[in-house]
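A.B. asks: Predicted model and sequence below, questions to follow.
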Amino acid sequence: MTSQASPAVGPSTPEAAPAREPAVKVSVIVPVYNPGRYLEDCIASLLDQDMPAGEFEAIFVDDGSTDHSPRRLDDLAATHPLIRVIHQANSGWSGKPRNVGIEAAHGEYVFFLDNDDRLGRQALRRMYAFAKANDSDIVVGKMVGKGRGVPRELFRKTYPAATLADSPLIDSLTPHKLFRRSFLDKHGLRFPEGRRRLEDHVFVIAAYFAADTISVLSDYVCYYHVRRDDDSNAGFERLDPKSYFCFLREALDIVEANTEPGPLRDRLYRRWYRVEMLERLRGKRLLDTPADQCGPLLHEIRTVVAERFGPGVAAPLPPTHRIIGSLAQAGLLDDLLGFADWENNIAATVRLDDLGWQDGTLQLTLTAELRNGDKLLTFAHRNGRDTLDVHCTLSPAGQAALTEADPDCTSRLQKSKVDVLARNRDTRAEYLLPTTFSRTRYPVAEQGAVFGQVFQARATVDIATAASGRPLPTGTWDLFVRITSCGWTKETRLGADRSDAATDHCVPSVDSQRDMMVTPYWTDKGNLSLDVGKHTNRRPAHTGRRLAGSLRRWARNSAKQ
């Protein structure tokens with residue numbers, strides 16, 4: 001079905017949905033503007049949903065596209081009853097198309113999907129069932145990013161009922177969620193319209209405060225957040241600092257209107273301070289910012305911080321963030337660039353000490369650490385405290401700002417952690433593997449008070465349960481190690497640096513429950529990957545004959561069944 005949007009639709013005058021039991025369970029709303037080839041993956045993921053076709057609909061709102069998308073969508077709607085298309089003049093951003101979609105929706109719930117992203121096959125069915133089981137106003141389904149950042153801590157576990165006070169919910173402010181339609185209407189929740197940034201933050205934070213029950217579904221990847229190869233996603237357009245932080249203040253206004261001064265307000269504000277401000281002033285991100293934009297960006301950040309944030313916002317942050325914040329508030333752009341250059345060289349390194357199959361599970365032992373260039377990242381222990389050992393040249397004012405920031409990281413080092421994860425090479429779905437680890441303080445030679453932190457870790461790959469309690473799906477799974485320490489989260493592939501024992505023990509196994517081969521192997525770059533049921537031709541060099549024979553026997557046996 002194809003139609004034209006009514007020009008009267010807007011955020012200020014939402015109409016109540018008819019009082020009826022919806023036949024459609026979920027309406028998926030897709031704002032469309034020149035998505036090019038990325039639209040096909042979005043469409044395919046909708047047509048592939050395992051929710052029965054009569055129980056959901058997809059509403060594509062074409063916002064004046066000038067590519068082939070309008071015709072493609074009209075042709076699609078002509079052959080698929082679950083597809084509806086609305087055409088409208090270009091509004092400049094995603095807010096109005098989403099509002100138009102809400103007004104047109106027949107579903108009990110609505111879900112917002114971007115035209116260059118896609119859904120997991122079971123996403124709608126699982127999220128709807130979870131919403132009904134928990135009487136949820138909002139369901140946040142697990143996201144993974146393909147070149148885009150997504151919340152990770154939020155999806156470490158499933159929350160039948162989460163709040164802004166007891167979960168990392170504030171880390172998820174994109175609109176890619178399931179919302180009860182009657183809830184949106186009851187509270188008059190609509191997106192700000194026009195060409196503007198952070199319309200999703202304003203909508204989502206208002207919805208969080210209004211909701212009675214917010215649920216987080218973390219045991220299935222519902223949403224794939226995709227970065228286009230040409231960086232043409234709307235969020236990657238050049239930023240105008242003045243207007244951007246004007247829009248950001250609108251989100252802060254909603255927090256202020258719904259909280260009292262104190263720890264909760266500071267905690268919520270901290271998300272914008274950390275992600276939208278400090279992260280823009282650190283490492284590669286700052287170094288890649290156009291020179292003519294750095295000054296205005298710093299000015300706007302300083303202005304918002306001075307206007308809105310008390311000391312309680314920055315105090316609990318890691319030392320790296322506190323240092324950047326202190327340099328920023330002093331207006332020291334050159335020192336920020338120097339610190340960013342130093343930070344940009346920090347990376348995780350890992351050595352695979354051994355691996356082997358034990359009772360049907362692959363056991364991995366490894367040593368991991370953070371390094372700056374070719375040297376261990378170091379800390380200084382003085383007067384009973386551990387402080388960050390910063391090796392970059394700062395101005396006298398910069399040194400004073402660093403001291404004022406207090407680079408103490410004693411408690412942060414005690415909370416540092418290492419995770420091992422499996423990530424699907426095609427879909428980018430990722431699962432944390434059960435991992436235990438210990439921390440060791442490694443003294444730097446001839447400098448007794450200076451040390452680095454080294455992790456010894458053991459991870460288990462249980463093919464039967466690795467996917468959040470379910471079997472790891474068929475495919476190629478790359479293994480990564482992630483270190484979180486003192487404000488850094490650094491990730492690296494596992495296996496290129498390995499012991500002879502690890503090489504010797506890299507042999508295939510069989511998933512007896514699914515009768516398929518599971519083959520750990522070294523990639524062309526020497527990294528460790530798992531081939532689950534795809535029967536790769538790559539093999540451990542030393543066991544080539546043994547592996548080839550195993551694969552041939554498995555293939556012959558499979559052919560007979």
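C.D. replies: Arrived safely, thanks for sending. Residues are numbered from 1 along each chain as shown.
A.B. asks: got the contact list for residue 179?
C.D. replies: Residues near residue 179 by C-beta atoms under 8 Å, 6 or more residues apart in numbering: 109-112, 137-138, 189, 207. For glycine as for every other residue, the C-beta is placed from the backbone atoms N, C-alpha and C.
A.B. asks: Got the confidence number for the residue nearest the centre of the chain?
C.D. replies: When C-alpha atoms, centre = their mean is applied to the chain, the residue found nearest the centroid is residue 150 (1.3 Å). Predicted confidence (pLDDT) for residue 150: 91.
A.B. asks: and what of residue 228?
C.D. replies: On the pLDDT scale, residue 228 gets 80.
A.B. asks: Return the distance of it relative to residue 122.
C.D. replies: Look at residue 228 and residue 122: by C-beta to C-beta, to the nearest Å, they are 25 Å apart.
A.B. asks: and what of residue 155?
C.D. replies: 16 Å.
A.B. asks: Kindly report the same for residue 326.
C.D. replies: Taking C-beta to C-beta, one finds residue 326 at 47 Å from residue 122.
A.B. asks: quick one: which of these two has more around it?
C.D. replies: Comparing residue 326 with residue 122 by neighbour count (other C-beta atoms under 10 Å), the higher total belongs to residue 326, at 21 against 16.
A.B. asks: after the strand or helix carrying the more buried one, next one along is what?
C.D. replies: Using DSSP states H and E, residue 326 falls within helix 319-329. Per DSSP H and E, helix 319-329 leads on to helix 333-343 as the next helix or strand towards the C-terminus.
A.B. asks: pLDDT averaged over that following helix, what's the number?
C.D. replies: 97.
A.B. asks: and it, what does it pack onto?
C.D. replies: helix 283-287, helix 291-308, helix 319-329, helix 396-405 (3 or more C-beta pairs under 8 Å, 6 or more residues apart in numbering; DSSP states H and E).
A.B. asks: what residues does that helix touch?
C.D. replies: The contact list for helix 333-343, computed with C-beta under 8 Å, 6+ apart, reads 281-287, 294-295, 298, 320, 323-324, 327-328, 372, 390-395, 397-398, 401, 488.
A.B. asks: Pick the most deeply packed of the helices and strands packed on helix 333-343.
C.D. replies: helix 319-329 (a mean of 24; mean count of other C-beta atoms under 10 Å).
A.B. asks: what angle sits between that helix and helix 396-405?
C.D. replies: 130 degrees (axes from the mean of the first three to the mean of the last three C-alpha atoms, to 10 degrees).
A.B. asks: Just list what helix 319-329 packs against, helices and strands only.
C.D. replies: Checking 3+ C-beta pairs under 8 Å, 6+ apart, helix 319-329 ends up next to helix 291-308, helix 311-314, helix 333-343, strand 385-388, helix 396-405.
A.B. asks: Can I get the third one as PDB, trimmed to CA atoms?
C.D. replies: Read it as helix 333-343. The C-alpha trace of helix 333-343 is given here as PDB (Å, rounded to 0.1, in the frame of the first residue of the first chain):
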ATOM      1  CA  LEU A 333      43.500  22.800  23.300                       C
ATOM      2  CA  ASP A 334      47.200  22.200  22.600                       C
ATOM      3  CA  ASP A 335      47.500  20.200  25.700                       C
ATOM      4  CA  LEU A 336      44.400  18.200  24.900                       C
ATOM      5  CA  LEU A 337      45.900  17.400  21.500                       C
ATOM      6  CA  GLY A 338      49.200  16.300  23.100                       C
ATOM      7  CA  PHE A 339      47.300  14.100  25.600                       C
ATOM      8  CA  ALA A 340      45.200  12.700  22.700                       C
ATOM      9  CA  ASP A 341      48.400  11.800  20.800                       C
ATOM     10  CA  TRP A 342      49.700  10.000  23.800                       C
ATOM     11  CA  GLU A 343      46.400   8.100  24.400                       C
END
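A.B. asks: Tell me the buried residues in whichever helix or strand comes after it?
C.D. replies: Downstream of helix 333-343, the next assigned helix or strand under DSSP H and E is strand 346-358. Across strand 346-358, burial judged by 16 or more other C-beta atoms under 10 Å covers 346-357.
A.B. asks: same thing with stretch 215-228?
C.D. replies: The neighbour-count check on stretch 215-228 (16+ other C-beta under 10 Å) flags 215-218, 220-228 as buried.
A.B. asks: Just name the closest of these to residue 432, please.
C.D. replies: Of all these, residue 432 sits closest to residue 218, with 10.4 Å by C-beta to C-beta.
A.B. asks: How much space separates the residue lying closest to residue 294 once chain neighbours are set aside from residue 301?
C.D. replies: Excluding the flanking residues, the one nearest residue 294 by C-beta to C-beta, 6 or more residues apart in numbering is residue 333, at 6.0 Å. Residue 333 is 11 Å from residue 301, where distance means C-beta to C-beta.
A.B. asks: what do you get for residue 35?
C.D. replies: 32 Å.
A.B. asks: And for residue 80?
C.D. replies: For residue 80, the distance to residue 301 - C-beta to C-beta - is 47 Å.
A.B. asks: repeat for residue 131
C.D. replies: Relative to residue 301, and taking C-beta to C-beta, residue 131 is found at 38 Å.
A.B. asks: Next: residue 399.
C.D. replies: Counting by C-beta to C-beta, the gap from residue 399 to residue 301 is 21 Å.
A.B. asks: do residue 74 as well
C.D. replies: Taking C-beta to C-beta, one finds residue 74 at 45 Å from residue 301.
A.B. asks: what do you get for residue 511?
C.D. replies: 51 Å.
A.B. asks: Any chance of the buried residues of strand 346-358 in CSV with distance to residue 268 and pLDDT as columns?
C.D. replies: Output for those, formatted as CSV (distance: C-beta to C-beta, whole Å; pLDDT from 0 to 100):
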residue, distance to residue 268, pLDDT
346, 28, 98
347, 31, 98
348, 30, 98
349, 35, 98
350, 35, 99
351, 40, 99
352, 41, 99
353, 42, 98
354, 45, 98
355, 43, 97
356, 46, 96
357, 47, 97
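A.B. asks: Pick out the most distant pair among those.
C.D. replies: 346 and 357 (34.6 Å).
A.B. asks: got the residue ranges for the helices in the stretch 51-200 of the chain?
C.D. replies: 69-79, 95-104, 123-134, 181-186, 199-210 (DSSP state H, counting those that start in this stretch).
A.B. asks: for the third one, packing partners?
C.D. replies: With contacts taken as 3+ C-beta pairs under 8 Å, 6+ apart, helix 123-134 sits against strand 26-32, strand 109-112, strand 138-146, strand 159-162, strand 178-180, strand 214-226.
A.B. asks: contacts for it?
C.D. replies: Contacts for helix 123-134 (C-beta under 8 Å, 6+ apart): 25-26, 28, 49-51, 56, 109, 111, 136, 139, 141, 160-161, 178, 180, 213, 215, 217, 220, 222-223.
A.B. asks: what about 6 Å?
C.D. replies: Helix 123-134 is contacted by residues 25-26, 49-51, 56, 139, 141, 160, 178, 213, 215, 217, 220, 222 when judged by C-beta atoms under 6 Å, 6 or more residues apart in numbering.
A.B. asks: domain parsing for this protein?
C.D. replies: Taking automatic domain parsing as the criterion, the chain consists of the domains 2-236, 241-317, 346-560.
A.B. asks: any idea which of those is most buried?
C.D. replies: domain 2-236 (a mean of 19).
A.B. asks: hey, C-alpha coordinates of the strand ranked longest in the chain in CSV?
C.D. replies: With secondary structure taken from DSSP state E, the chain has its longest strand at strand 447-461. Coordinates of each C-alpha in strand 447-461 appear next as CSV, following Å, rounded to 0.1, in the frame of the first residue of the first chain:
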residue,chain,number,x,y,z
GLN,A,447,62.0,1.8,38.8
GLY,A,448,60.5,0.1,41.8
ALA,A,449,57.6,2.6,42.3
VAL,A,450,56.6,2.3,38.6
PHE,A,451,54.6,-0.8,37.5
GLY,A,452,52.3,-2.1,34.8
GLN,A,453,49.3,-4.4,35.2
VAL,A,454,49.3,-7.8,33.6
PHE,A,455,46.3,-10.2,33.4
GLN,A,456,46.4,-14.0,33.4
ALA,A,457,43.1,-15.3,32.1
ARG,A,458,41.3,-18.5,31.3
ALA,A,459,38.3,-18.7,29.0
THR,A,460,35.9,-21.5,28.1
VAL,A,461,34.3,-21.9,24.7
